[in-house]
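Chemist: build me a model from this:
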Amino acid sequence: MESQQIIYGKMVKKYKIPLDQIEDLNNRYDKAKQNLETMGHRLAGRIDSELSILPIVQSAPIFPTFVAAIQDYFKTCMDTQIIDWLPNREQVEIIACWVNDMKEGEFNPPHTHYNTTGWSTVLFLKVPEIINDTKDPHKFVDGQLGFFGVDGVSMKWEKPVVGDFYIFGANHMHCVMPFKLKNKNDIRRSMSFNFIEKREPEDV
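Modeler: From the prediction side, this is the model:
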């Protein structure tokens with residue numbers, strides 16, 4: 001699987017997910033979304049549609065690809081001495097998974113995930129045509145995924161591309177800027193999940 005290592009003072013890795021798996025996941029989500037529960041009460045986004053899809057993802061062909069990416073991410077962290085252990089599949093637990101269908105003007109403010117415990121992901125499933133109406137090119141970060149540097153001020157922006165899958169620490173502050181669309185009915189669709197090292201149940 002193609003991947004790229006990105007470091008903003010913290011480890012971020014970007015993977016390329018096969019487009020046939022993206023299409024399959026989009027189809028599964030579209031068929032089920034009328035019956036899915038909202039995650040809005042638990043999330044930071046100024047987004048109307050934030051639906052839970054964990055069972056759908058776990059049964060989809062894309063799931064083994066996620067597992068492989070997670071293992072590669074951990075190996076990179078271990079090789080670079082960011083962590084000193086390498087969890088296997090049985091030691092990792094996905095604790096929440098949801099899809100954001102963002103409309104024009106919606107955004108995600110700076111935030112971390114799951115009380116900064118474990119790791120998080122972003123996968124782009126649909127990317128609409130975003131209008132660039134700024135006169136100064138450096139200001140055009142509309143709809144982009146922004147990661148904060150360790151100083152809490154500097155930013156690195158990532159342009160959304162269908163199939164791009166990011167893994168990063170849950171304590172890594174990030175955000176999504178609002179945007180304007182050429183086609184007002186389009187959506188910017190992304191999926192995220194949080195995962196942690198699985199803990200053995202305590203004896204009672």
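Chemist: how about the residue positioned nearest the centre of the chain, what does it touch?
Modeler: In the chain, the residue lying closest to the centroid (Cα atoms, centre = their mean) is V122, at 1.1 Å. For V122, the contact set (Cβ atoms under 8 Å, 6 or more residues apart in numbering) comprises 145, 165-166, 174, 190-192. For glycine as for every other residue, the C-beta is placed from the backbone atoms N, C-alpha and C.
Chemist: and Q5, bridged to which residues?
Modeler: K13 (DSSP bridges).
Chemist: would you agree it is in contact with T76?
Modeler: Yes. Here Q5 lies in contact with T76, judged by Cβ atoms under 8 Å, at a distance of 6.2 Å.
Chemist: give me the more crowded residue out of the two.
Modeler: More neighbours surround T76 than the other of Q5 and T76, with 17 against 12 (other Cβ atoms under 10 Å).
Chemist: how about the secondary structure of the more buried one?
Modeler: helix (DSSP: H, G, I helix; E, B strand; the rest coil).
Chemist: in contact with it, which residues are there?
Modeler: T76 touches 5, 11, 13, counting by Cβ under 8 Å, 6+ apart.
Chemist: and for A96?
Modeler: A96 makes contact with 39, 42, 52, 54, 114, 193-194, according to Cβ under 8 Å, 6+ apart.
Chemist: which ones among those are found in strands?
Modeler: 52, 193-194 (DSSP state E).
Chemist: pick the one among those residues closest to F66.
Modeler: F193 (7.9 Å; Cβ to Cβ).
Chemist: with adjacent residues omitted, what lies nearest to that closest one?
Modeler: Of all residues not flanking F193 in the chain, C97 sits nearest, at 3.7 Å (Cβ to Cβ, 6 or more residues apart in numbering).
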